[in-house]
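Colleague: Here is my input; please provide its structure:
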Amino acid sequence: MIEFAQNLKRGVSDSFRRAGLKAAGGVVAAVALGFLVAALWSFLANDLDWGSTLASLAIGVLLLLIALIVILSARKRRHEMPTGDDLKREMQARLAVAKNAAVDQARSKFDDVVQPLRDSAAKVGLAPSTAASARSGMVKGTEQVHDMAETNLGSMGKLIGAFAVGLTIASAIRDRNRDEEEDDFYDDL
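Modeller: Numbers count the residues shown, from 1 in each chain. So this is what the prediction gives:
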């Protein structure tokens, strides 16, 4: 999975965790407030008899302390949300790796095609400089592709390529999930 997506997932889950802890602290604080009100009522009703009043007051203070601890523990973030710059850096790194792999594969395929031609040329007695000039033309073409990739239009191409890769991965995952669901369906029969 792409690091940006993982960081985004962690950041969102951390936000939900913190919100849940704050909500739990709020519920505990509401219960504590109920006990404190009951304690105040008991105090006023029994006029300092300290039986049920002291118990209610002690429970209310205890629950209020628990709520305070829970709310304070929810303040610290465990995972920071990734920024757009994080996504940009990750995509640039992944595209550079993909570009280098594609260039290496193209060179390999070129060598696979040119090597038999070199062998044939050597058998016929042609100079190997012809094959070398063809290879230098390939290197020059690769440099031109690299230069074009560094332009704004090339950046847009990288973005479209990354989007296409993402769609392909998502489609493959969806198809695999469908296959697993179909297998589960037939296993149940």
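Colleague: Could you identify the longest helix within the protein?
Modeller: helix 3-46 (DSSP state H).
Colleague: quick check: angle from the strand or helix carrying Arg94 to helix 3-46?
Modeller: Using DSSP states H and E, Arg94 maps to helix 84-124. On the basis of axes from the mean of the first three to the mean of the last three C-alpha atoms, to 10 degrees, helix 84-124 is oriented at 160 degrees to helix 3-46.
Colleague: quick one, domains of the chain?
Modeller: As recorded under automatic domain parsing, the domains making up the chain are 3-73, 84-188.
Colleague: By mean pLDDT, show me the worst of those.
Modeller: Sorting those by mean pLDDT places domain 84-188 lowest, at a mean of 71.
Colleague: three-state assignment of the residue nearest to Arg10 when sequence neighbours are not counted?
Modeller: Excluding the flanking residues, the one nearest Arg10 by C-beta to C-beta, 6 or more residues apart in numbering is His79, at 3.9 Å. C-beta coordinates here come from the backbone N, C-alpha and C atoms, glycine included. Three-state assignment for His79 (DSSP: H, G, I helix; E, B strand; the rest coil): coil.
Colleague: and His79, what are its phi and psi?
Modeller: Backbone torsions for His79, taken as degrees, to the nearest 10, come to phi -130, psi 130.
Colleague: And it, how far from Ser73?
Modeller: 16 Å (C-beta to C-beta, to the nearest Å).
Colleague: what's the answer for Asp112, then?
Modeller: Distance from Asp112 to Ser73, by C-beta to C-beta: 62 Å.
Colleague: These two: which is more packed in?
Modeller: Taking Asp112 and Ser73 together and counting by other C-beta atoms under 10 Å, Ser73 has the greater number of neighbours (12 against 9).
Colleague: show me what contacts the more buried one?
Modeller: With contacts defined as C-beta atoms under 8 Å, 6 or more residues apart in numbering, Ser73 is in contact with Leu21.
Colleague: What of Arg78?
Modeller: Arg10, Asp14, Arg17.
Colleague: from those, which is closest to Lys99?
Modeller: Minimum distance to Lys99 across the contacts of Arg78 is 28.6 Å, recorded for Arg10 (C-beta to C-beta).
Colleague: surely the closest one meets Phe16?
Modeller: No: applying C-beta atoms under 8 Å as the test, Arg10 and Phe16 come out as separate, 10.9 Å apart.
Colleague: Perfect, that will be all.
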